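I'll drop the sequence and a predicted model, then ask my questions.
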Amino acid sequence: MQSSRRNFLKSSAFAVAGATMFSSRLFAMPKGKEILGIQLYSVRADMSKAPLDTLKQLASMGYKNVEHANYVNRKFYGYTPVEFKKVLDDLGLKMPSGHTVMGKQAWDDGKKEFTDSWKHTVEDAATVGQQYVISPWLDEGLRKDYDGLLSFLDVFNKSGELCKASGMKFGYHNHNFEFNTMINNMKLYDIILQHTDPKLVAQQLDIGNMYGVGGRAAEIIKQYPDRFELMHVKDEIKSAKSEMGDGYESTVLGTGVVGTKDIVDLARKSGGTSQFIIEQESYQDKTPIEAAKADYEVMKKWGF
């Protein structure tokens, strides 16, 4: 049985690691160019068993971009950054973004600098060709400590400066706790957005994760226009299994309750969004590969 996304991130938070500084021109993306991709966590079991074959299948469907969710001991799915870059190149794929948790262990507060493991993370992301280094988690202790949270959000900004030196940008990806956790009478997500520099820290809005706790992506985009450079495109249905423990699980785009197409259209118009990354974590009557193909076909019908 597959572990939940939450447990996956908790366990991977301590496997942070990554490589060399590259000129920013190598990774700069033309402003306004839209990217359609898939988060490889969508096909995590397949990537675990046969990463090369899985990537070949995604490429044959028409995918041109992928986003990783597996970086352990300075390797992506068991490949070194140079090796994985070649695998992607050979298949005509790019990896503009990837998920690696930046926890407290990434920052040495005594020395006021990043640990070698986080420096390696950024270095390896540059080597493999990423434009964004996305952290998809926030330590639970920081969700209760306002001063500690503000201090760590300053580390977010510093990570943005570190990534910028390699021609990339740091980013944060939400789950659901950001929308039902209050600190100092403020919603956690509001604190994150109001205390990170948009020039240094991109936001990747996961429009499905928030749904079960009352978060509505359209409202957030209207509240913070132009703040969401990346989006996890999802749809949700009610489910007892529930990925986030809030009564919902993801499903094929356009078949759930989120109103995904309207949100995507709004993001294209006023969200500042250029990278649209499909993610589906539950599959109902489909295999993960079948779901990935169905989602891709829906997005193409929506104009991508």
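Perfect, thanks for sending it.

Local confidence estimate at Lys241?
We have a pLDDT of 89 for Lys241.

helix/strand/coil for it?
coil (DSSP: H, G, I helix; E, B strand; the rest coil).

And for it, the neighbour number?
Number of residues near Lys241 (other C-beta atoms under 10 Å) recorded here: 10. No exception for glycine: its C-beta is placed from N, CA and C like everyone else's.

residues contacting it?
If you count contacts by C-beta atoms under 8 Å, 6 or more residues apart in numbering, Lys241 has them with Glu249, Ser282.

As a check, name the ranges of all strands in the stretch 51-200 of the chain.
Here the stretch 51-200 of the chain has its strands, by DSSP state E, counting those that start in this stretch, at 65-68, 71-72, 75-76, 94-99, 107-108, 113-114, 132-135, 169-173, 182-183, 186-187.

mind checking which of the ones you listed is nearest Arg216?
strand 186-187 (12.5 Å; C-beta to C-beta).

Now do that closest one: distance to the chain's middle.
Distance of strand 186-187 from its chain centroid, counting by C-alpha atoms, centre = their mean, to the nearest Å, is 22 Å.

ditto for stretch 44-53
On C-alpha atoms, centre = their mean, the centre of stretch 44-53 falls 19 Å from the chain's centre.

Give the residue spans of this structure that score low on pLDDT.
1-32 (pLDDT under 70).

Kindly recompute the last result at 50.
Within the chain, the ranges that satisfy pLDDT under 50 run 1-3, 13-31.

Longest helix in it, please.
helix 146-164 (DSSP state H).

A helix includes Ser270, no?
Yes - under three-state DSSP, Ser270 sits within a helix.

Could you tell me how far it is located from Val233?
Taking C-beta to C-beta, to the nearest Å as the measure, Ser270 falls 16 Å from Val233.

next one: Val66
For Val66 relative to Val233 (C-beta to C-beta), the value is 14 Å.

And Asn73, by the same measure?
Applying C-beta to C-beta to Asn73 and Val233 gives a distance of 30 Å.

quick one, which of those two is more surrounded?
With neighbours defined as other C-beta under 10 Å, Asn73 and Val233 compare such that Val233 has more, 30 against 9.

need the contact list for that one.
Ile207, Leu253, Thr260, Val264, Phe276, Ile277, Ile278, Glu279, Asp295, Met299.

Could you do Phe114 as well?
Per C-beta under 8 Å, 6+ apart, neighbours of Phe114: Ala106, Trp107, Asp108, Lys158, Ser159, Leu162.

Check Lys75 too.
The contact partners of Lys75, taken as C-beta under 8 Å, 6+ apart, are Pro81, Phe84.

And it, how far from Gly247?
From Lys75 to Gly247 the distance is 36 Å (C-beta to C-beta).

Same question for Gly214.
11 Å.

Check Gly256 too.
Taken as C-beta to C-beta, the span from Gly256 to Gly247 is 13 Å.

Look at the two and report which has more neighbours.
Between Gly256 and Gly247, counted using other C-beta under 10 Å, Gly256 has the larger neighbour count: 19 against 15.

Which residue, neighbours along the chain excluded, lies closest to that one?
Asp235 (3.5 Å; C-beta to C-beta, 6 or more residues apart in numbering).

ok, that neighbour touching Glu249?
No - between Asp235 and Glu249 there is no contact under C-beta atoms under 8 Å: 10.1 Å.

Can you get me a residue count around Lys187?
Neighbours of Lys187 (other C-beta under 10 Å): 15.

residue contacts, it?
Lys187 touches Glu178, Phe179, Thr181, counting by C-beta under 8 Å, 6+ apart.

and if we set it to 7 Å?
Counting by C-beta atoms under 7 Å, 6 or more residues apart in numbering, Lys187 touches Phe179.

what pairs with it across the strands?
In this entry, Lys187 is beta-bridged to Met182, by DSSP bridges.

Kindly report the same for Gly171.
Ile134, Ala202.

Could I get the contacting residues of it?
Neighbours of Gly171 in contact, by C-beta under 7 Å, 6+ apart: Tyr132, Val133, Ile134, Val201, Ala202, Gln203, Gln204, Leu230.

out of those residues, who's nearest Gln284?
Nearest to Gln284 among those, with distances taken as C-beta to C-beta, is Gln204, at 25.0 Å.

And the closest one, how close does it get to Asp265?
18 Å.

who has more neighbours, the two?
Neighbour comparison, Gln204 and Asp265: the larger count goes to Gln204, with 24 against 15 (by other C-beta under 10 Å).

Quick check, the more buried one in contact with Lys234.
No - look at Gln204 against Lys234 with C-beta atoms under 7 Å: they stay out of range, at 11.9 Å.

just to revisit the earlier point, rebuild the contacts of Phe114 as CSV, extending it with neighbour count and distance to Val122.
Listed next are the contacts of Phe114 as CSV, based on neighbours: other C-beta atoms under 10 Å; distance: C-beta to C-beta, whole Å:
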residue, neighbour count, distance to Val122
Ala106, 22, 10
Trp107, 20, 13
Asp108, 13, 15
Lys158, 17, 11
Ser159, 26, 8
Leu162, 22, 6
